[in-house]
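Participant: Quick check, what structure comes out for this input:
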Amino acid sequence: MSTETRVRRVGVDLQDSEDTRLLVEAMEADNPGLMVSQIPGIVKVQSTGEIVIRRRTVEEKAGRPWETHEFQLNIVSYSGNISEWDDDRIVIKWEH
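Facilitator: Numbers count the residues shown, from 1 in each chain. The predicted structure is shown next:
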């Protein structure tokens, strides 16, 4: 019998674009240990805990105002629960 614990990651797959690359830079700044991989047309972002997307950080990276509803324009799919979504941040995590 195996005693190995399985880690359940949260993640989001985003359409690959210039806006997405800036968004991912902001996500990496706010989420140490974030795993980012790229396949043609898609950027996969995963974490073992939660992913927090802060409006302020995205605005700093993009050099322009950014509203959290713009995140919807890039999402292809996600795993986890969107536990918080307001004007200042988005939090994706598993809720048990």
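
Participant: What are the buried residues along the longest helix belonging to the chain?
Facilitator: Scanning the chain for the helix with the most residues, using DSSP state H, yields helix 18-30. Neighbour counts over helix 18-30 (16 or more other CB atoms under 10 Å) mark 19-20, 22-24, 26-28 as buried. For glycine as for every other residue, the C-beta is placed from the backbone atoms N, C-alpha and C.

Participant: Can you convert those into JSON lines and add a column each for distance to Ile42 and pLDDT?
Facilitator: Listed next are the buried residues of helix 18-30 as JSON lines, based on distance: CB to CB, whole Å; pLDDT from 0 to 100:
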{"residue": "Asp19", "distance to Ile42": "14", "pLDDT": "88"}
{"residue": "Thr20", "distance to Ile42": "9", "pLDDT": "92"}
{"residue": "Leu22", "distance to Ile42": "16", "pLDDT": "93"}
{"residue": "Leu23", "distance to Ile42": "13", "pLDDT": "95"}
{"residue": "Val24", "distance to Ile42": "12", "pLDDT": "96"}
{"residue": "Ala26", "distance to Ile42": "18", "pLDDT": "97"}
{"residue": "Met27", "distance to Ile42": "15", "pLDDT": "97"}
{"residue": "Glu28", "distance to Ile42": "17", "pLDDT": "97"}
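
Participant: Thr57: which of those residues is nearest?
Facilitator: Proximity to Thr57 was ranked across those by CB to CB; first place goes to Ala26, at 4.2 Å.

Participant: where's that closest one relative to Arg6, distance?
Facilitator: Using CB to CB, to the nearest Å, one gets 29 Å for the distance from Ala26 to Arg6.

Participant: now stretch 45-62, how far from the chain's geometric center?
Facilitator: 6 Å (CA atoms, centre = their mean, to the nearest Å).

Participant: List the contacts of that stretch.
Facilitator: The set of residues external to stretch 45-62 that reach it, using CB atoms under 8 Å, 6 or more residues apart in numbering, is 7, 9-14, 19, 22-27, 29-31, 33-36, 65-68, 71, 80, 83, 87-93.

Participant: Where does pLDDT dip in the protein?
Facilitator: 1-5 (pLDDT under 70).

Participant: quick one: the helices in it?
Facilitator: Ranges of helices in the chain, per DSSP H, are 18-30, 55-62.
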